[in-house]
Every structure is written in C-alpha cells, then in structure tokens.
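Participant: What would the 3D arrangement of this be:
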Amino acid sequence: MIDNLFDLSGETAVVTGAGRGIGEGIAKVLASAGAHVVCAARRQEEIDRVAGEINAAGGSAAALATDVTDNAAVQALADFAVSTFGGLHMWVNNAGGSSVQRALHKLDRDEWDRTLSLNLTAVWECTRVAAATMETGRILNISSLAAEDVIMGSGHYSAAKAGVNMLTRTFAQELGPRVRVNCIMPGAVPTEIMMQALKLKDDDLPDLEKMLKLPAGRLGTPTDLGAAALFLLAPASAWITGQNIRVSGGP
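Facilitator: Next up is the predicted model:
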C-alpha cells in the first residue's frame, strides 16, 4: 500500500524549467516514481541532457524546447505530451526567476514586465492550458519564500510569487475536485539562478549556511524539492489542494 501512495506509473508529467536546478530535480524524481516526463525549457541542449539521463537510468522522458511566455508554445507543449505519451496528468510550473536585484523605485519598467510575465502570467496561462487538456490531474506551482518574506532588491520577484500563491488557492477552488492545485515555496537551494541573483560563488555557500542557521542543518538540494513535489503530485496527497507549502529546511 505504501508503494502505491507514491506510484506514478503510466501517468505523464510536464515540468517546465526542467533543464537544470529544481526543475531537473523534480523531473528526475517523478521519473523514478514511474511517470513519463516531458522536460520543457528554452534551451534544447539542457532538456535533452536531462531527458537523456532519465532514459539512460531506465525512466521515460522526452524534451521540447518551450518559452512559457509564448501562449502558442504552451499549447504545443500540452499537445506534445498527449501525442508522445497518450495523456496529461500532472503539470509543474517551475520555469521562472529573476537575476536582477534592485530597489522597486529604481526598477526599470521593462524588468518589472518581464518578471511578471515569466513568473506570474505564464503560470496562469500554463495552468489554463493544462487544466483544459487534463480529464483529471494535478498541478504544482513552484513559488518562493520571497512570496511571504521581504527580500531587499527582489520586490518585483516577490510580487510575482505572491501572485502565484493566490493563483494556487483560486485555481484549486475553481478546478476542484477534477484538478488539484498546490504550491511549493522553496528556501535556499543554490541553483544557478539563486547564485546569480545573490551574487554568490561556491566558496560563499558555507558562510550562507552558517548565517541562515537552518534547523535542518544544511541548504536544500533539487532532490529535496523533487521529493516534496512527488508527495504533492502522488496519491499520498489526495486530500491536499490549494496549499502553499514552505520547503525550506526550517520555519
């Protein structure tokens, strides 16, 4: 029975932003649970690598280069999942980020628009398309602790992610019970985007770990987020929807 609670065999998941970092971790964990995984991101070579590693490990994956800010590309991604694997059951809205740190009153309008388009509007559009394609299913949004905590220089990103949290709650009400919708707010996971945004190098990570004083005793990994994603997409969480859950190694 325990195995069945986390079994995704025969189901198909789309993971956006799957070419590296948290998206790669989620894609690989879902594949290890038996899912067919469609890896999507803008860089074809990155998602080809991730899909290739999944297939080499005995899993099932395909890759499609996708710009989630392009509505036609999002629809093509959903259609690709159905045509390749016969259906669509899970969708992970992971693509996002902003490498720009600047006070809100000094932020360029172009950067504001770009950040909201990628981190909020694209989540809305992807969710609409996914829900229209699924008979029943689950949608998982990847937000950030920045949705709830003030991070100086990241107000534009925080605003977008706070919007994602509310999209999660609203879509869960509107789409339930046919589709469950949940959200993860990751803490400090040293992905390329986080490192760029905070202007960190690998040598800085031990000091960051000490400064944060996380109860879990360490920074997060993409696999940590993959495990949380698996729970929220698997039958184990069948009675959980509309939740924004912090996965951060502490409070």
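Participant: For the closest residue to Arg43 other than its chain neighbours, list the residues it contacts.
Facilitator: Leaving out its chain neighbours, the residue that sits closest to Arg43 by C-beta to C-beta, 6 or more residues apart in numbering is Gly19, at 5.4 Å. Using the backbone N, CA and C atoms, a C-beta is placed for each residue, glycine as well. The neighbourhood of Gly19, defined by C-beta atoms under 8 Å, 6 or more residues apart in numbering, consists of 39, 41-43, 46-47, 49-50.
Participant: Reformat those into a markdown table and put pLDDT next to each item.
Facilitator: Converted to a markdown table, these look like this (pLDDT from 0 to 100):
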| residue | pLDDT |
| --- | --- |
| Cys39 | 99 |
| Ala41 | 98 |
| Arg42 | 97 |
| Arg43 | 97 |
| Glu46 | 98 |
| Ile47 | 98 |
| Arg49 | 98 |
| Val50 | 98 |
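Participant: Filter the residues you listed down to the ones in helices?
Facilitator: Of the positions in the contacts of Gly19, 46-47, 49-50 sit in helices, assigned by DSSP state H.
Participant: Could you single out the nearest of these to Leu230?
Facilitator: Val50 (16.4 Å; C-beta to C-beta).
Participant: which regions of the stretch 1-150 of the chain lie under the pLDDT threshold?
Facilitator: 1 (pLDDT under 70).
Participant: All the helices of it, residue numbers only.
Facilitator: Per DSSP state H, counting those that start in this stretch, the stretch 1-150 of the chain carries helices over the ranges 2-5, 21-32, 44-56, 71-85, 109-116, 122-133.
Participant: of all those, which lies closest to Pro235?
Facilitator: Per C-beta to C-beta, nearest to Pro235 of the helices of the stretch 1-150 of the chain: helix 2-5, 5.3 Å.
Participant: about what we covered before: tell me the most buried of the helices of the stretch 1-150 of the chain?
Facilitator: Ranked by mean neighbour count, the helices of the stretch 1-150 of the chain are led by helix 21-32 with a mean of 26 (mean count of other C-beta atoms under 10 Å).
Participant: Run the angle between that one and helix 44-56 for me.
Facilitator: Orientation of helix 21-32 against helix 44-56 (axes from the mean of the first three to the mean of the last three C-alpha atoms, to 10 degrees) gives an angle of 30 degrees.
Participant: Tell me how far helix 21-32 lies from the chain's centre.
Facilitator: Relative to the mean C-alpha coordinate of its chain, helix 21-32 is positioned 10 Å out (C-alpha atoms, centre = their mean, to the nearest Å).
Participant: what sits up against that helix?
Facilitator: 8, 13, 15-18, 37, 39, 41, 50, 53-54, 57, 59-61, 90, 92, 94-95, 142, 186, 189, 191-193, 221-227, 229-230, 233.
Participant: go on, stretch 35-51?
Facilitator: 8-20, 23-24, 27-28, 30-31, 54, 59-68, 77, 80-81, 84-85, 90, 95.
Participant: What residues of stretch 204-219 count as buried?
Facilitator: 209, 212, 214, 219 (16 or more other C-beta atoms under 10 Å).
Participant: Now, these that are in helices?
Facilitator: Reading helices off these with DSSP H, I get 209, 212.
Participant: would you list the buried residues of stretch 204-219 in CSV and tack on pLDDT and distance to Glu125?
Facilitator: As requested, the buried residues of stretch 204-219 are exported to CSV (pLDDT from 0 to 100; distance: C-beta to C-beta, whole Å):
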residue, pLDDT, distance to Glu125
Glu209, 80, 37
Leu212, 85, 34
Leu214, 90, 34
Leu219, 93, 32
